[in-house]
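# pasting the sequence and the predicted model now:
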Amino acid sequence: MIGNRLRLAREAAGLSLRAMEDAISGKVSAQAIGKYENDQMMPGSDVLLALARALKVSPEYLLSNRDLALSGVDFRKDPATGAKEEKAVEAVVIDHLERYLEVEELLPDALLDWLAPTAREFSIRSAEEAEAAADALRRLWKIGIDPIPAMAELLEDNGVKVIALDLPQAVSGSKAFASRDGQHPVAVIVVNKNHNGERQRFTLAHELAHLVLQLKGDWEEKEGEKAADRFAGAFLVTSEMLFKRLGKVRTALSLGELLELKAFFRVSVSMLAVRCKQLGIISKAVFNSLWGTMVRMNWVGKTAVEPHPFEAETPTRMERLCLRAVMEEAMSGAKAGELLQISVRELDARLSPAGV
């Protein structure tokens, strides 16, 4: 039955029963929709499709019997973003995640559980201690000190489901856990597909911090966010590599050098300036001078436009698994297209690129 999911999706969209009737062009009445939500009636296929389109979820989401629920959702967003937008995102995340898990379950050797690290470095009492936690995770994942080429791929290879969604500009992303009957919780990070690559990479690292850090003692929310930011900076730009590139103490630093470092580390110039101040490479006075220049050039803030932005990161693991499942005849092409929400023609094009 679809009652509970239909109601949650409608509420997430901020629609009353009457508004839902209008959204599907009066195919059925508000009273009938209420009966669907109370599991007193089931919609026909044409009404089901209309409901799914209006609510921006898949028909499979509404029909699914999978008991999947999100917990620990923590949106990184502008304070003006409301609860309605958050609920709408949660409904879409569950829909995407269910499709992801369905293809994973067809390939048992592809199942990757999230295992939270337990070493003492991840239990911190100050934002500064997040530096050591970031270094410890790099050691645990055996990735050395070099820049990370693809954050989304790294996270997915270590059991985190990364979902890129079309989110409001003010929402950077979120982390969450998805619980399912009798199975290991699924770690999820959502990122805004409309943001540039450097902003996405920082969001991914920031949300990773919320998955791995254990905050001991009394923490205000602002301080917890500061610790996550410190972890993100240290994870993306290791102190050892930054010292190699710049030296340990500088009396001056040019924007040109920061732009070269941006290309190397694949992070924003503003983040690099903050990182240099954190590590004592530059003084507060040098940092303030650089920051003032970047503010005047509109390289800082919500409307910042830095030169040489990176392309957005695209999570690819779910698509790779779908293509593999089709080739191994564990799934039909039609089913793979349904899970990826693309046409069979587009799926064929991805399996057999033109000119190959």
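Happy to help now that I have it. All values derive from a computational prediction rather than experimental measurement.
# ok, then the element right after the lowest-mean-pLDDT helix or strand in the chain?
When the helices and strands of the chain are compared on mean pLDDT, DSSP states H and E, strand 68-77 comes out lowest with a mean of 73. Stepping forward along the backbone from strand 68-77, the first helix or strand reached (DSSP states H and E) is helix 83-106.
# what residues sit buried inside that next one?
Applying a neighbour-count criterion of 16 or more other Cβ atoms under 10 Å, one finds 85, 87-104, 106 buried in helix 83-106. (Each C-beta comes from the backbone N, C-alpha and C, glycine too.)
# kindly report the same for stretch 202-221.
Residues of stretch 202-221 classed as buried by neighbour count (16+ other Cβ under 10 Å): 202-213, 215, 219.
# Lys262 looks like it's in a helix, true?
Yes: counting by DSSP: H, G, I helix; E, B strand; the rest coil, Lys262 is located in a helix.
# quick check, pLDDT for it.
Turning to Lys262, the model gives it a pLDDT of 97.
# so it sits against Trp299, correct?
No: Lys262 sits out of contact with Trp299 when judged by Cβ atoms under 8 Å, with a separation of 10.4 Å.
# what is in contact with the two at once?
In the contact map built from Cβ atoms under 8 Å, 6 or more residues apart in numbering, the residues linked to both Lys262 and Trp299 are Val269, Glu306.
# domain parsing of the chain, as residue ranges.
When the chain is parsed with automatic domain parsing, its domains come out as 1-65, 109-296, 317-351.
# could you give the mean pLDDT of stretch 25-44?
Taken as a whole, stretch 25-44 carries a mean pLDDT of 93.
# outside of that stretch, which residues touch it?
Residues outside stretch 25-44 that contact it (Cβ under 8 Å, 6+ apart) are 1-4, 6-7, 10, 16-18, 20-21, 46-47, 50-51.
# so, low pLDDT: which residues of the stretch 251-356 of the chain?
With pLDDT under 70 as the threshold, the stretch 251-356 of the chain has low-confidence stretches at 354-356.
# how close does the closest residue to Leu279 other than its chain neighbours get to Cys276?
In space, not counting the residues next to it along the chain, Leu279 is nearest to Ser239; the distance is 5.4 Å by Cβ to Cβ, 6 or more residues apart in numbering. Ser239 sits 10 Å away from Cys276, taking Cβ to Cβ, to the nearest Å as the criterion.
# I figured Leu204 hits Val188, correct?
No: the pair Leu204 and Val188 fails to qualify as a contact (Cβ under 8 Å) at a distance of 11.8 Å.
# okay, and the common contacts of these two?
Val162.
# tell me which stretches of the stretch 251-356 of the chain form helices.
Shown for the stretch 251-356 of the chain, the helices assigned by DSSP state H, counting those that start in this stretch span residues 255-265, 269-278, 284-296, 317-327, 333-340, 344-351.
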